[in-house]
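> Got a predicted model here, sequence first, then my questions.
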Amino acid sequence: MKRLVAFCLARPITTLMIHISLLLLGGLAVTRLPLNSMPKSERPVIRVEIEYPNANPQQVEREITVPVEEVLATLRGVNSIDAESENGRCDVSLHFDWGADLDEKKVEVRERLARIRNELPIDDIERIRIRGARHSGDEIMKGRISSRGIDLSENYELLLNRIQRPLERIDGVSQVVLEGVTPLEIVVTFEQTELDRFGLQLDDVIRRLREHDSNLTVAETLEEGRLRRARVIAGFRGIDSVRAFPLTPQGLRLDRVAQVDLVEGELRFGRHLNRSFAVSIEVFKESSANTVEVCRDVNAAIAKLGEDPELEGIDVLIWNDQGQDIIDSLDGLKNTGIVGSLLALAILWFFLRRASATVLVGLSIPISVLSALAWLYLLDRELNIVTIVALMLGVGMLVDTAVVVVESIVRLASEGRSPRDAASEGTMEVATPIFAATLTSVIVFIPVALGPSSQMSDYLKEVGLVITLTLGSSLFVSLTLIPMASARIFRRGESRSGRLFPWVLAGYEKLLRGVLHHPGRALAVAAAAIASVVLPLRSGFGVNLEDQSRIEKNASVFYQTEQSLDWRTMERHVDAVEDALFEHRDEIGFADVYSWYKDNFAWTAVYPQRPMTEKELAEFTTRIEHILPTIPGVQVRTGDWGMFWGRGRGSRSAGARNVRVFGDSNDRVQSILVDLQGLFAGVDGVASTEVRHRESVDEVTVTPDEELLTHHGLSSDRFSQQVSSFFAGRTLSEVRTSDGERRLRVRMNEEERNSLAELESFEVVTASGARLPVSELSTIGIGPGPGQLRREERQSSGSLSVQMQPTAMDRADAIVEQTLASYDWPRGYGYEVGSGRWQLQQNESQFGETMILAVFLVFLVMACLFESLVQPFLIMVTVVLALPGVVWFLHASGDDLDQPASIGLVLLAGIVVNNGIVFVDHINRYRSRGLELFEAIVRGGCERLRPILITALTTVIGLVPMAYSAEITQTLARLGLPVEGRIGAQAAGMYYFTLARTIIGGLTVSTLLTLVVLPVFYWLLARTFSPHRASVAIDNSLSETRTTPD
């Protein structure tokens, strides 16, 4: 380092050109770095979706779900497995270790499913899909398509050809999904009278239609070295071939017996956006595509749609644009960093009182940031939310090394050294400690880089890389540009100081001498501070490393029906709720209302006007709860969206706690959930509870008499097929047409299949050809049936959402756990609290290991620096002294130690020791020059006071805009100033103010205690290892104190 400093002092122009080059490279990188939301991190989930038409949830679970679970549960690397069975389909989700190769796992899943093909009712399974947690790629845009005077439900082909397909041709777009319209289908509709007239049975007709669609390889021949394959290709080629299909050897055409039409597919759901019916449009990007660029291109293409005459009267409104969200988030974080930088420079000016020194130190910020961006560009990285947050964290830390160097140079210059000598000697005096301080801030990320992969580690790796690049660049600036410039702008003997700091310095010297005379007092203060963390821990403060992006940022309203209702009736109830919301729009303070409804289910999402904390969102939800209308037969209430979507591992609403109950019997699980709902109803602090999927559907059950069936030569399967074909119909193959593939459906006339009387009188054909009504062969009953069956870890399970009152948020976890513990749980049944518990446990384990290894590595660096095993332990006290600040500051702000805060704690372990390093190193220098221990501590402490205060305050003040972005934004709004894009500490579904608050609280308390407690520990250790010298030093100090007038 000495040669580097000497080179920069001797070659100032070269040094200047190097830094100008770094600025230019960084500026170029800013324009070329791709923008994205979050670091690339794919959730390790594979979903197997199987469509099994005309089967109720119990049948789906028995015949599909359980066999699939059994064969997939033994896959290597599966952490957990869960499934849902509902009418006509099942969804099995496999959760793997983080970082698993999902492409390879999908191949293994296909192989396992092929093994049990013969165990599944493969002829009746309509479709099997294997995919990731969501659609292939990432959802980047949501919108709606509305029209003026046009029925969109009858214009699927128009929307497909003029909107969906043009958007899918855009580079980077993987898929465009339209919901609310369905493609045309070929529907064959029979009437029983026509079937009877021609002596046909519906079940036989369906079998013949299915058999006609074949594509088989029947032989392979080898002729003259060439392999030839013989294939039989049958099947329908367009709707005309369906109409002309012969049903009998005599050539009876299908269209003589049934009506064959091209019609819109059946749609039994809908959606509203701000009270208007809409067709949903969702755009997904390829995993490697740049989100911002793809969104920009899609918006440009949508703007051109208005020029298409065929789309006149049709509007496309994008209301969720992730590309714009990324730009807004990055702008907010960037502006927060700029404000933090200006505040840090103000602190520098306050202490240094030199414009030249302030500007010189301030230059380290843009040079370091742009240098780091240049390296990110060269490393083929991207600019995302986590990257910007890491750069913001570095704003205050960047000036630390520069401040120490400048302060050392200024001090030597004021003592009469020449500018060049002051620059050289002052830089070299602190070169080793600032190098060690930088290394301790960087080395804490090594355990993350070498440890197992997880979502939390992915974020920490990104932060670690950026912090390493920025601090490394800052160290380079401090050892090159600053000494070179200082030798030319500072003057011999020049000394400036404000009025306040000398008074602070005198007070600190007096305090320091006093605590060294009475070390027990300082130790008592430190012990009391550390012990005080017990109070917030007992008052509800805790650790919550749940993924914040899984906490919903809107309020959810659900509709629980007392009886089965069709989707049109549910739409009328949705209309009533939406009308009530818009009547109280100003009172509630929402921006948009989005609703989705289907048979027996509806959901309304209310989006606030600005991002809110979880506690604020809970209050927002409470305001909505108070204005919800009363609807006879329907319970309308706010609830937890995560309970209704996914499997308890999905998102959850603000202020909600999810309780999962599991056991062998689904009926017993549901009974326990009802008991728990009543138990929580009387608990103070609980606002409401909701049992997921407790709603049932009215179900007609047909129980065949096995003896009668056997007597008439019928099997249960044959009986069920005839009844099912008549009343539910069948979906057959895809028919190739000139306009693409069309689904072929067969059904009876609606009037003949929609009443209980028709079911009772329906005649089943026996083996002898006789016809007997269903009522004679079976018992028909009506009763409630489950709308959905849920399983987790191959056990039946159910979920209860406990919505907490805003005033009880800090005690939420304790209240839920105490209430559950008071319940008398039957043997074989248990519970689990929290969504994504498997990932939460992984995050907690990862965090604990990272902290332990980070502290150990910091100790290794200091042991190498000081060539001592004692002094590193001394400095590690600063880490312990930071804990009271972290706990109390977060608790006072109403926050837990969440995922962003845990990142701040890892950073803090490397930051707080920096003060101790420069403090102890300076004392050691004076002792090596022969100064007595007592005076070395006092003089070293007083001379290090200003750089320690500057570095701590610049870091703390620089993070204030990030820690209190919401409060600053609200203040600006009250002052009537524009706040759009001003300041932001929330992006991509995660809040980062707890990260900043962790560092602010920990660094503030650690710095204050370090300035007092660290000298005392140093004094006590020195006395222990060299008692004679310590005794002489304190005697001399006491004699000087007696002779010194007050």
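Cool, the structure landed.

> Let me know the secondary structure of Ile46.
Put simply, Ile46 is strand when judged by DSSP: H, G, I helix; E, B strand; the rest coil.

> Okay, and the beta partners of it?
When bridges are called by DSSP bridges, Ile46 pairs up with Leu94.

> Quick check: it touching Arg129?
No: with contact defined as C-beta atoms under 8 Å, Ile46 does not reach Arg129; the gap is 10.7 Å. For glycine as for every other residue, the C-beta is placed from the backbone atoms N, C-alpha and C.

> neighbour count winner among those two?
Ile46 (23 against 10; other C-beta atoms under 10 Å).

> Can you identify each of the helices in the stretch 301-450 of the chain by residue range?
In the stretch 301-450 of the chain, the segments counted as helices under DSSP state H, counting those that start in this stretch are 322-352, 355-378, 385-414, 419-443, 446-450.

> Phe873 is nearest to which of those?
With C-beta to C-beta, the closest approach to Phe873 among the helices of the stretch 301-450 of the chain belongs to helix 419-443: 14.6 Å.

> Next, the buried residues of that closest one.
When burial is assessed from 16 or more other C-beta atoms under 10 Å, helix 419-443 yields the following buried residues: 419, 422-431, 433-443.

> That one packs against which elements?
Contact partners of helix 419-443 among helices and strands, from 3 or more C-beta pairs under 8 Å, 6 or more residues apart in numbering; DSSP states H and E: helix 2-10, helix 385-414, helix 455-489, helix 837-866, helix 899-928.

> Now do the helices in the stretch 751-900 of the chain.
756-761, 774-777, 812-821, 837-866, 870-892, 899-928.

> Need the winner for burial among those.
Among those, ranked by average contacts under mean count of other C-beta atoms under 10 Å, first place goes to helix 899-928 (a mean of 24).

> angle of it against helix 455-489?
Angle, helix 899-928 to helix 455-489, by axes from the mean of the first three to the mean of the last three C-alpha atoms, to 10 degrees: 40 degrees.

> Who are the packing partners of whichever helix or strand comes after helix 899-928?
Next helix or strand after helix 899-928 toward the C-terminus (DSSP states H and E): helix 933-963. Applying 3+ C-beta pairs under 8 Å, 6+ apart, one finds that helix 933-963 makes contact with helix 322-352, helix 385-414, helix 500-517, helix 899-928, helix 993-1025, helix 1027-1043.

> hey, least reliable of these by pLDDT?
Note on the helices and strands packed on helix 933-963: lowest mean pLDDT is at helix 1027-1043, with a mean of 43.

> And for Ser733, the neighbour number?
Ser733 has 17 nearby residues by other C-beta under 10 Å.

> Which of the helices or strands spans it?
For Ser733, the element it lies in under DSSP H and E is strand 730-737.

> could I get the helices and strands packed on helix 933-963 as TSV with distance to Gly682?
Formatted as TSV, the helices and strands packed on helix 933-963 follow (distance: least, C-beta to C-beta, whole Å):
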stretch	distance to Gly682
helix 322-352	42
helix 385-414	43
helix 500-517	54
helix 899-928	33
helix 993-1025	33
helix 1027-1043	65
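
> rank the helices of the stretch 751-900 of the chain by mean pLDDT and give me the bottom one.
Per-stretch mean pLDDT for those is lowest at helix 837-866 (a mean of 73).

> Can you spell out which helices and strands pack onto the strand or helix carrying Glu69?
Using DSSP H and E, Glu69 maps to helix 66-72. Here helix 66-72 touches strand 45-51, strand 78-86, strand 89-96, helix 102-115, going by 3+ C-beta pairs under 8 Å, 6+ apart.

> try it again with 7 Å
In terms of contacts (3 or more C-beta pairs under 7 Å, 6 or more residues apart in numbering; DSSP states H and E), helix 66-72 is packed against strand 78-86, strand 89-96, helix 102-115.

> tell me the angle the first one makes with helix 102-115.
Pointing back at strand 78-86 there. Using the same axes, to 10 degrees, strand 78-86 lies at 60 degrees relative to helix 102-115.

> Would you pull up how far strand 78-86 lies from the middle of the chain?
Averaging C-alpha positions (C-alpha atoms, centre = their mean, to the nearest Å) puts strand 78-86 21 Å from its chain's average.

> In it, which residues are buried?
78-86.

> Next one: the residue nearest to Phe1017 when sequence neighbours are not counted from Phe866, what distance?
Excluding its sequence neighbours, the residue lying closest to Phe1017 (C-beta to C-beta, 6 or more residues apart in numbering) is Leu874, at 5.3 Å. From Leu874 over to Phe866 the distance is 9 Å, taken as C-beta to C-beta, to the nearest Å.

> possible to save the helices and strands packed on helix 66-72 as JSON lines with mean pLDDT and distance to Arg668?
Converted to JSON lines, the helices and strands packed on helix 66-72 look like this (pLDDT from 0 to 100; distance: least, C-beta to C-beta, whole Å):
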{"stretch": "strand 78-86", "mean pLDDT": "87", "distance to Arg668": "17"}
{"stretch": "strand 89-96", "mean pLDDT": "89", "distance to Arg668": "21"}
{"stretch": "helix 102-115", "mean pLDDT": "87", "distance to Arg668": "30"}
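
> Give me the phi and psi angles of the residue nearest to Ile150 when sequence neighbours are not counted.
Spatial nearest neighbour of Ile150, excluding adjacent residues (C-beta to C-beta, 6+ apart): Gly313 at 5.4 Å. Here is the backbone geometry of Gly313 (degrees, to the nearest 10): phi 90, psi 0.
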